[in-house]
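Engineer: structure for the following, please:
(chains A and B, ligands or ions: 2)
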Amino acid sequence: MTHILDIKDLVTNFYTYEGVVKALNKVSFHVNHGSTFGLVGESGCGKSVTVRSIMQIVQSPGVIEGGEIHFSPDSDNGETGIDLLKQTERFMQDLRGNKISMIFQEPNAALNPIMTIGEQIAESYVFHRKNQIIEKILGLDRTGENLFPKVSANPLFLPLYHLALHRPDAFLLELIKKVPFLRNWDRAVLHTAIEKSVELLATLGIPNPDKIVHQYPHNLSGGMKQRVVIAIALASEPVLLIADEATSNLDVTVQAQILDLLKDLKKKNIISSILLITHDLGVVNETCDRVGVMYAGNLCEVGKVTDLFENPKHPYTKALLDSVPKIRQIGDLKSIAGNVPNLVNPPLGCRFHPRCGHAMAKCKEVFPEMTIVDDDHEVACYLYH
Amino acid sequence: MVVVLFGVSVLMFSILMSFSPERRAVAYATSAKQIKEIPILVAKYGLDDPYHIQYIRWITQIFKGNFGYSTVASSPTLDAIIKYLPTTIELNLFSMPIIITLGIWLGTIAGIHRDTFIDHTTRIAAIVGWSLPTFLFALILLMIFYSQFQLFPPEVISDHIDDFISDNPDKFIQYTGMYVIDGLLNRNFEVVADALKHLVLPVVTQVTVVIAILVRVMRSSMLEEISKDYVITAKAKGVDINTIHQKHVKKNALLPAITISGWLVCLSIEGSVTVEFIFNRAGLGLLLVKAATQLDIPVVLAISLLLGLIYVVANLIIDVLYAVIDPRIRLN
Ligand SMILES: Nc1ncnc2c1ncn2[C@@H]1O[C@H](COP(=O)(O)OP(=O)(O)OP(=O)(O)O)[C@@H](O)[C@H]1O
Ligand SMILES: [Mg+2]
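Structural biologist: Ligands and ions are numbered 1, 2, ... in the order given. Below is the predicted model:
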């Protein structure tokens, strides 16, 4: 099976006043085409930093300092794909929200409070489908594949639309953007995009989409906001969807609805691959094919969900599984002794060794590399070297 | 709003009451003749009566437009204020737009380019501008640009222009009392140029002193907004960084800046006092300084009331602006 995403030795640090936070320490894993990959771990272990590094939207003072992120959107050709870390910012802009999209942990904060829902979804179309929209406005749609609704534009500005289509960097367009009143000449693009957003919201099962696009985030409930965030992510039909704890802050019923929505979208092939971050192992069990377990900036174990849950290898994975209540619970629930290490001065060697019952001398000196213990099951622990 | 104005008037009246009835009488006088007959005024307005009765009498006079007689201006206070007000408005008409646009612009770029050369320079300039005593700064400007280079003179207008205007009331009609605007309306560009020349240094002084606070507020609210989650959402959507800064962050960052701008207006008008005093511009500030040093109570009271009114009106405008930008307020 080919990999849509292949991450190798990713290193990301934050240069804070307290020192360098070594948030990611050589993280490597891959996501298969058409599958769902789960990333689990305690709060602060670096899950969000990992996916933000993939999209290169790490907040300052974070810096991606090493590694490779190979992305191959087409499943049929067996190439290694492009290394995202070697691309320009311009290239990444075209990719973000287009080929790879992201939904966020906190729907209340993820939306701009002073822009309407419609405007915020429309941005996805305006930034990634502008040419198609303009073609539709100009009536140039010959193939019938252009699914944007038809919005009429001011006939005076039609030459400008032609110009924008053929020479988007024209000086005249730059100039006109600075003129009051005239600078909104391309209103029809926004209107088309908002019309399209209404359709999108309807397919996501949101009631009254034509009203909602004119509302502001504070008018909506948390679950509704999260659906809007999902709509923004799905607008350009990405091949990879990253869901960063998309359901953690919602109540249980809404959480289930959102997860069902994602599953449904995947079944209908609207999204092909998902990278799902969560600290809910139940969700992983239900939705994911493969899973990676992170601890303090390291990936300690990765493999198929069934293998990893039934036959965990890494002491941290075992401890994590023991700390979750099961339906047929045998024995007591165990919490993991000790604290998550400070990432400014992380423990040498394996970062888990101070809390590990099997720690050996070697564990305190050199970081254990990933070793294959089974078919598609790797673990970073000296017990299996 | 009415409550605020009521509070201001009660406060003003209390200050007035701390003077003896004889001194207070000027606040009710309407002409120079009456000033000489203080005991008559004291009896007429019952200045020995209880506090609240006197307050009602006083506020009734205010509403009738009688602010008392100004000994400094040798005219009724209201006339003096109407005469001096245009100069102050003219000064603020030029400095306020500069303060607002330049302040927001500087604060925005300082926030975007955090900890770079631009940021440090604007911050240091803002701190220096804020902490430098206004009079010192104004004097330095005068020394350089007037004494050394004879470029920008003090006062409101040159003597020969002033003579021309008072000699030709039919050729030069004084619509507003502001030389720049009147000059434009009369199509007399010599007057406009001369008035502008006199405005340069006062405007520079006032901008330098008042702008610092706006730059700082705008910068810190830009920094706060930049680190918010919706910025990450926009980035993940593929929006370019310029659009993020200008369309998403700046609009949100404007809200705190708008909140302080009512205070800014008052600060600016307060700043006019020093500026007018040093540049010898016949505005409200100069009138206030003269009145305060010669204990011209009616003028001080009237100007304080005016400031209160300006503050209230400014805040009303801010509330409206706020509702335009922030949909969360619009509901309520
Ligand atoms: N802006 C930042 N400045 C400094 N350190 C940061 C910053 N963002 C993240 N970190 C550090 O990176 C580490 C990983 O953070 P991250 O947000 O990826 O955790 P997480 O696994 O997503 O946790 P959660 O489950 O709480 O979302 C944290 O320990 C944190 O200290
Ligand atoms: Mg997170």
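Engineer: low-confidence ranges in chain A?
Structural biologist: For chain A, applying pLDDT under 70 flags the ranges A:1, A:76-80, A:144, A:326-331, A:333.
Engineer: what parts of it come near ligand 1?
Structural biologist: Within chain A, the positions near ligand 1 by C-beta under 6 Å from any ligand atom are A:14, A:16, A:21, A:23, A:41, A:43-49, A:59, A:62, A:245, A:279, A:343. In this view, the C-beta of every residue, glycine as well, is placed from N, C-alpha and C.
Engineer: buried sites along stretch A:345-359?
Structural biologist: A:P346, A:P347, A:G349, A:C350, A:R351, A:F352, A:H353, A:R355, A:C356, A:A359 (16 or more other C-beta atoms under 10 Å in any protein chain shown).
Engineer: next: stretch B:230-246.
Structural biologist: Residues of stretch B:230-246 classed as buried by neighbour count (16+ other C-beta under 10 Å): B:Y230, B:V231, B:I232, B:T233, B:A234, B:K235, B:A236, B:K237, B:G238, B:V239, B:I244, B:H245.
Engineer: if I pick the fifth one, what's in contact with it?
Structural biologist: Spelled out, it's B:A234. A:N112, A:E123, B:T243, B:I244, B:H248 (C-beta atoms under 8 Å, 6 or more residues apart in numbering or on different chains).
Engineer: please pick the buried ones from the residues of chain A next to ligand 1.
Structural biologist: Among the residues of chain A next to ligand 1, those scoring as buried are A:14, A:21, A:23, A:41, A:45-49, A:62, A:245, A:279, A:343 (criterion: 16+ other C-beta under 10 Å).
Engineer: in strands, which of the residues you listed appear?
Structural biologist: A:F14, A:V21, A:A23, A:G62 (DSSP state E).
Engineer: of the residues you listed, which pair is most distant in space?
Structural biologist: Across those, the longest distance by C-beta to C-beta is 8.4 Å; it joins A:V21 and A:G62.
Engineer: overlap in contacts of these two?
Structural biologist: Common contacts of A:V21 and A:G62 (C-beta under 8 Å, 6+ apart): A:N13, A:F14.
Engineer: how far does stretch B:116-128 sit from its chain's centre?
Structural biologist: 26 Å (C-alpha atoms, centre = their mean, to the nearest Å).
Engineer: quick one: that stretch near chain A?
Structural biologist: No. Stretch B:116-128 does not reach chain A (C-beta under 8 Å from any C-beta of the partner chain); its nearest approach is 12.1 Å.
Engineer: then A:C350 would be within a helix, right?
Structural biologist: No. Looking at A:C350 with DSSP: H, G, I helix; E, B strand; the rest coil, it is coil, so not inside a helix.
Engineer: just checking, it touches A:C363?
Structural biologist: Yes. Counting by C-beta atoms under 8 Å, A:C363 is a contact partner of A:C350 at 4.6 Å.
Engineer: can you redo the buried residues of stretch B:230-246 as a markdown table with distance to A:D6, secondary structure and pLDDT?
Structural biologist: Shown next, in a markdown table, are these (distance: C-beta to C-beta, whole Å; DSSP: H, G, I helix; E, B strand; the rest coil; pLDDT from 0 to 100):
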| residue | distance to A:D6 | secondary structure | pLDDT |
| --- | --- | --- | --- |
| B:Y230 | 30 | helix | 94 |
| B:V231 | 28 | helix | 94 |
| B:I232 | 24 | helix | 92 |
| B:T233 | 26 | helix | 93 |
| B:A234 | 27 | helix | 94 |
| B:K235 | 23 | helix | 93 |
| B:A236 | 21 | helix | 93 |
| B:K237 | 24 | helix | 93 |
| B:G238 | 22 | coil | 92 |
| B:V239 | 27 | coil | 93 |
| B:I244 | 29 | helix | 94 |
| B:H245 | 33 | helix | 93 |
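Engineer: export those residues as JSON lines, with columns for distance to A:E195.
Structural biologist: Converted to JSON lines, the buried residues of stretch B:230-246 look like this (distance: C-beta to C-beta, whole Å):
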{"residue": "B:Y230", "distance to A:E195": "23"}
{"residue": "B:V231", "distance to A:E195": "27"}
{"residue": "B:I232", "distance to A:E195": "27"}
{"residue": "B:T233", "distance to A:E195": "22"}
{"residue": "B:A234", "distance to A:E195": "21"}
{"residue": "B:K235", "distance to A:E195": "25"}
{"residue": "B:A236", "distance to A:E195": "23"}
{"residue": "B:K237", "distance to A:E195": "18"}
{"residue": "B:G238", "distance to A:E195": "20"}
{"residue": "B:V239", "distance to A:E195": "20"}
{"residue": "B:I244", "distance to A:E195": "24"}
{"residue": "B:H245", "distance to A:E195": "28"}
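Engineer: and which of those residues is nearest to ligand 1?
Structural biologist: Of all the buried residues of stretch B:230-246, ligand 1 sits closest to B:I232, with 10.7 Å by C-beta to the nearest ligand atom.
Engineer: for the closest one, give me its contacts.
Structural biologist: B:I232 sits next to A:R52, A:I57, A:Q59, A:F104, A:A110 when contact means C-beta under 8 Å, 6+ apart.
Engineer: mind putting the residues you listed into TSV with secondary structure?
Structural biologist: Listed next are the contacts of B:I232 as TSV, based on three-state DSSP:
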residue	secondary structure
A:R52	helix
A:I57	coil
A:Q59	coil
A:F104	coil
A:A110	helix
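Engineer: which of these are buried, as a PyMOL select command?
Structural biologist: Only the buried members of the contacts of B:I232 end up in this PyMOL selection, burial being decided by 16+ other C-beta under 10 Å:
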select buried, chain A and resi 52+57+104+110
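Engineer: going along the chain, name the helices of chain A.
Structural biologist: With DSSP state H as the criterion, chain A has helices at A:47-55, A:89-95, A:107-110, A:117-128, A:130-138, A:158-166, A:171-176, A:187-203, A:209-212, A:222-234, A:252-267, A:281-287, A:305-310, A:315-322.
Engineer: report the buried residues of the helix or strand containing B:I211.
Structural biologist: Assigned by DSSP states H and E, B:I211 falls within helix B:189-226. The neighbour-count check on helix B:189-226 (16+ other C-beta under 10 Å) flags B:191-192, B:194-195, B:198-199, B:201-223, B:225-226 as buried.
Engineer: closest residue of the stretch 201-350 of chain A to ligand 1?
Structural biologist: Residue nearest to ligand 1 within the stretch 201-350 of chain A: A:L343 (4.8 Å; C-beta to the nearest ligand atom).
Engineer: sorry, wrong one. I was asking about the stretch 51-200 of chain A.
Structural biologist: With C-beta to the nearest ligand atom as the measure, A:Q59 is the residue of the stretch 51-200 of chain A nearest to ligand 1, at 4.7 Å.
Engineer: how about that residue, nearest residue that isn't a chain neighbour?
Structural biologist: Sequence neighbours aside, B:S227 is the residue nearest to A:Q59 in space, at 6.6 Å (criterion: C-beta to C-beta, 6 or more residues apart in numbering or on different chains).
Engineer: again, but for B:L306
Structural biologist: B:I81 (7.1 Å).
Engineer: do I have it right that that neighbour meets B:S304?
Structural biologist: No. Assessed by C-beta under 8 Å, B:I81 is found out of contact with B:S304, at 11.6 Å.
Engineer: pick out whichever of these two has more residues nearby.
Structural biologist: In terms of neighbours (other C-beta atoms under 10 Å in any protein chain shown), B:I81 is the more surrounded of B:I81 and B:S304; the figures are 21 against 16.
Engineer: list the buried residues of stretch B:131-142.
Structural biologist: Applying 16+ other C-beta under 10 Å to stretch B:131-142 flags B:L132, B:T134, B:F137, B:A138, B:L141, B:L142 as buried.
Engineer: show me which of the residues you listed neighbour chain A.
Structural biologist: Applying C-beta under 8 Å from any C-beta to those, none is adjacent to chain A.
Engineer: the residue in the stretch 251-385 of chain A that chain B sits nearest to bridge partners, please.
Structural biologist: As assessed by C-beta to the nearest C-beta, chain B sits closest to A:L275 within the stretch 251-385 of chain A, at 13.0 Å. On the basis of DSSP bridges, A:L275 takes part in beta bridges with A:F37, A:I242.
Engineer: ok, it touching A:V31?
Structural biologist: Yes. At 5.7 Å, A:L275 counts as touching A:V31 under the criterion of C-beta under 8 Å.
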